[in-house]
Structure formats: structure tokens, C-alpha cells
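# Got a predicted structure plus its sequence, pasted below:
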Amino acid sequence: MEGQKIRDLAVRFAVVLAVILVFGAFDYVAHSSSDEYSVPPRYFRNKIIFGTLYGFIAYVLARRLPLFRRAFVFSLVVSILLQIRYFLEGYALDFVILFLGIHFLILLPTAYLAFGMADGHGLTRTATTPEEKPHVCSASHAFFLASSPRRLLQNPRKILEGLVAEGETVLDVGCGPGVFTTALAEMVGDRGRVIAADLQEEMLAMVGKNAEKMGLGERIRLHKTGVDRIGVAEQVDFVLAFYMIHEVPDRERFFKELSTILKPGGRFLLVEPMFHVSKAAYKDTLEKAEKAGLTPLRPVKVFFSRGTLFRKS
Ligand SMILES: C[S@@+](CC[C@H](N)C(=O)[O-])C[C@H]1O[C@@H](n2cnc3c(N)ncnc32)[C@H](O)[C@@H]1O
């Protein structure tokens with residue numbers, strides 16, 4: 001538990017540092033745009049050091065806020081605190097206000113994107129509003145799950161290559177906005193079927209909309225699961241559980257049910273986020289899957305992740 005806390009803090013620190021480094025680069029360009037705005041080099045060094053420090057404290061304190069408010073508070077705190085130095089050193093008030101605005105405008109989208117990506121990849125545990133279920137990736141992060149940088153780093157077609165054949169029936173459990181669902185639907189072709197299953201209606205609605213847009217609606221069936229029950233009646237050739245098992249409270253029960261849904265000899269690909277799920281926690285998950293009759297075949301390499309391919313014995 002302590003280890004997990006330290007890991008969460010380290011990841012938050014790395015996310016904040018990344019935001020401040022991007023901010024620093026843009027800020028440097030803004031200050032270099034005119035002699036009137038130039039500041040000594042030590043200002044940039046201090047912005048990286050103090051910006052990361054203030055930002056980290058602000059981010060930890062605001063960690064329970066929803067994404068936009070968290071990014072807003074973070075950007076405001078860092079912008080204001082960084083301007084105090086200019087003010088104390090006698091820079092004119094209009095200069096201080098101008099750069100407070102510029103800093104804020106650079107920080108807000110950068111922080112929003114970085115925090116959202118980190119949340120979407122399960123790197124940071126966002127706290128939840130009362131209507132959200134604890135530890136379930138909120139539908140407000142769907143944008144990041146479906147973002148182009150993610151598709152580039154975790155290309156669904158490449159990851160799934162050779163694992164699914166035409167005409168098969170597959171289940172994408174915890175499908176989220178459906179990045180992998182649509183890729184699976186393309187791979188199984190006209191004769192195949194994909195069951196897109198998720199706890200959250202909003203995620204399923206996104207999958208449905210995308211599937212229609214891509215002309216794949218006929219091949220995809222949307223299925224709402226319960227927290228403790230997948231509830232799919234038919235048997236499938238392949239199951240994908242991408243970045244979702246760590247959100248399932250009772251994994252033993254989940255794998256048992258999953259095993260009954262897989263046809264004998266059926267394949268199961270499990271992928272978990274590396275920075276969020278420790279080696280020990282992943283090993284424990286593998287053991288639970290094995291106990292449910294899923295035999296690990298080989299590790300599967302996925303960027304920033306731990307992945308394993310299983311076969312139902
Ligand atoms: C981090 S998202 C990953 C989404 C998708 N697999 C991807 O990689 O883009 C996790 C998803 O799993 C869903 N989820 C969590 N627990 C679940 C459960 N017990 N049954 C079905 N879906 C679940 C959440 O609603 C969320 O959409």
C-alpha cells in the first residue's frame with residue numbers, strides 16, 4: 001500500500017515536471033518575442049524548479065477535483081506564484097499581469113492534456129464525483145483514450161495482429177470509447193461479431209456512434225455489464241480486457257465468468273498499465289486468471305504496459 005502511494009506520487013511528480021518543461025519551452029518563446037519582454041536566464045531555471053514544486057503541491061491538493069477544475073487550479077496557482085518574483089523584483093505591474101495571463105494560457109491546455117492523458121492511461125487515480133463509480137475510468141477521459149498520440153503509441157491493429165481471425169466472435173470487455181472495438185470489428189470482417197461491453201452507458205454510446213460513422217454498426221453489439229457480472233450469454237473466440245482489470249473489485253469472480261464465456265481453446269488478451277499496476281499486483285492478477293482455467297501462453301509487448309496472452313484450457 002505504501003509502495004503504491006509512493007508510486008502514485010512519483011507518477012504525479014513526473015506528470016507535473018513534463019507539464020512545466022513544455023510550459024517552459026513556450027514561455028521562453030514568449031519572452032524571446034521582443035526585447036521588451038526579455039528576462040535573465042535564471043528566470044527560466046527558477047520557473048522549472050519552482051514551477052514544478054508549486055505545481056506538484058497544487059496537483060496533489062487538487063487531485064480529487066474533476067479534470068478541468070484540477071487543471072484550472074493547478075494553472076492558476078503556478079501562474080500567480082511564479083509572478084510574485086517579477087513583482088518583488090520591481091517589474092512593472094502591466095508586465096506582471098501580461099505574463100500572468102500568458103503563463104495561465106500556456107499552462108491550462110498543457111495541464112489539461114497531460115492530466116487527462118495520465119488519467120486515461122490509469123497513471124493517476126482521479127478522484128470521483130459522487131455519481132461516478134470509485135476507481136472506474138470516467139467517461140470524461142474518453143477523449144484521451146481515443147486520442148491520436150495514444151493510437152500512435154498503442155496502435156490497436158498492431159497489438160491485435162494475429163490474435164483475431166475473420167468470422168470470429170470476440171468480446172471487448174471494458175471497451176471504453178471503443179478504440180479497440182472498431183479495430184476488432186474491422187479484423188473479424190462481415191461474418192464476424194464484436195461484443196462491446198462496458199459498465200458505463202456513456203462509453204457504450206460513444207462506441208455506437210463511432211461504429212455507425214465507420215460503417216461497422218452491423219458487426220458491433222453493445223452490452224452493458226454490471227459491476228459484478230459481465231452477463232454475456234454467448235460463447236466467444238477471443239476476449240480483450242485492455243486497461244480495465246485493475247478497475248474490477250472481484251477479479252477472481254470476473255475471471256471465472258470470463259472463462260465460461262470463452263470457447264474451449266479460445267484466447268484472452270490481458271493488458272494493464274505499467275505505471276499503475278505494479279509487477280506484484282500484475283503477478284497476482286495472472287495467478288487469479290490461471291486459477292480460473294486460463295493458461296498464460298506468452299507475454300505481449302504493449303507500450304507502457306504489461307500484457308499476457310492466455311488460452312482457455
Ligand atoms: C481505462 S478504461 C479502458 C477502455 C478501453 N479498454 C481502452 O483501453 O481504451 C476502463 C474501462 O473499463 C470499464 N470497466 C471498469 N470495470 C468494469 C467492469 N467490471 N465491467 C465492464 N467494464 C468495466 C470502465 O467503464 C472503462 O470504460
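On my side now, so go ahead. Residues are numbered from 1 along each chain as shown.
# Spell out which parts of the stretch 101-250 of the chain neighbour the ligand.
Contact residues (Cβ under 6 Å from any ligand atom) of the stretch 101-250 of the chain with the ligand: 122, 136-137, 145, 173-176, 179-180, 197-200, 203, 225, 227, 242-244, 247-248. Backbone N, C-alpha and C define where each C-beta goes, glycine included.
# ok, which stretches of this protein are helices?
Under the criterion DSSP state H, helices of the chain are mapped to 2-32, 42-61, 67-88, 93-120, 142-145, 148-153, 156-160, 179-188, 201-213, 251-261, 279-291.
# quick one: contacts for the nearest residue to residue 257 once chain neighbours are set aside?
Once flanking residues are discounted, residue 257 sits nearest to residue 230: 5.3 Å by Cβ to Cβ, 6 or more residues apart in numbering. Going by Cβ atoms under 8 Å, 6 or more residues apart in numbering, residue 230 touches 173, 197, 254, 257-258, 261.
# Count the residues that sit near the residue of the stretch 51-200 of the chain found nearest the ligand.
When you check the stretch 51-200 of the chain against the ligand by Cβ to the nearest ligand atom, the closest residue turns out to be residue 176, at 2.4 Å. Number of residues near residue 176 (other Cβ atoms under 10 Å) recorded here: 26.
# was I right about it contacting residue 203?
Yes. Using Cβ atoms under 8 Å, residue 176 is in contact with residue 203, at 5.2 Å.
# Need the residues touching each of these two.
In contact with both residue 176 and residue 203: residue 142, using Cβ under 8 Å, 6+ apart.
# about what we covered before: make a ChimeraX selection of whichever of the residues of the stretch 101-250 of the chain next to the ligand turn out to be buried.
The following ChimeraX line selects those of these that are buried, judged by 16 or more other Cβ atoms under 10 Å:
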select :122,136,137,145,173,174,175,176,179,180,197,198,199,200,203,225,242,243,244,248
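# among the residues of the stretch 101-250 of the chain next to the ligand, which are in strands?
173, 197-198, 242 (DSSP state E).
# For residue 190, grab the count of nearby residues.
9.
# I'd like the distance between the closest residue to it other than its chain neighbours and residue 186.
Leaving aside its sequence neighbours, residue 190 sits nearest to residue 219 (Cβ to Cβ, 6+ apart; 7.2 Å). Residue 219 sits at a distance of 8 Å from residue 186 (criterion: Cβ to Cβ, to the nearest Å).
# Neighbour count for these two, which is higher?
residue 219 (21 against 17).
# quick one on the thing from earlier: give me the pLDDT for the residue nearest to residue 190.
For residue 219, the model assigns a pLDDT of 97.
# Now do the same contact list for it.
185, 188-190, 192-194, 211.
# switch the cut-off to 10 Å
181-182, 184-194, 211 (Cβ atoms under 10 Å, 6 or more residues apart in numbering).
# do the same with residue 7
Neighbouring residues of residue 7 by Cβ under 10 Å, 6+ apart: 123, 275-278.
# for residue 87, same thing?
Contact analysis of residue 87 by Cβ under 10 Å, 6+ apart lists 93, 95-97, 100.
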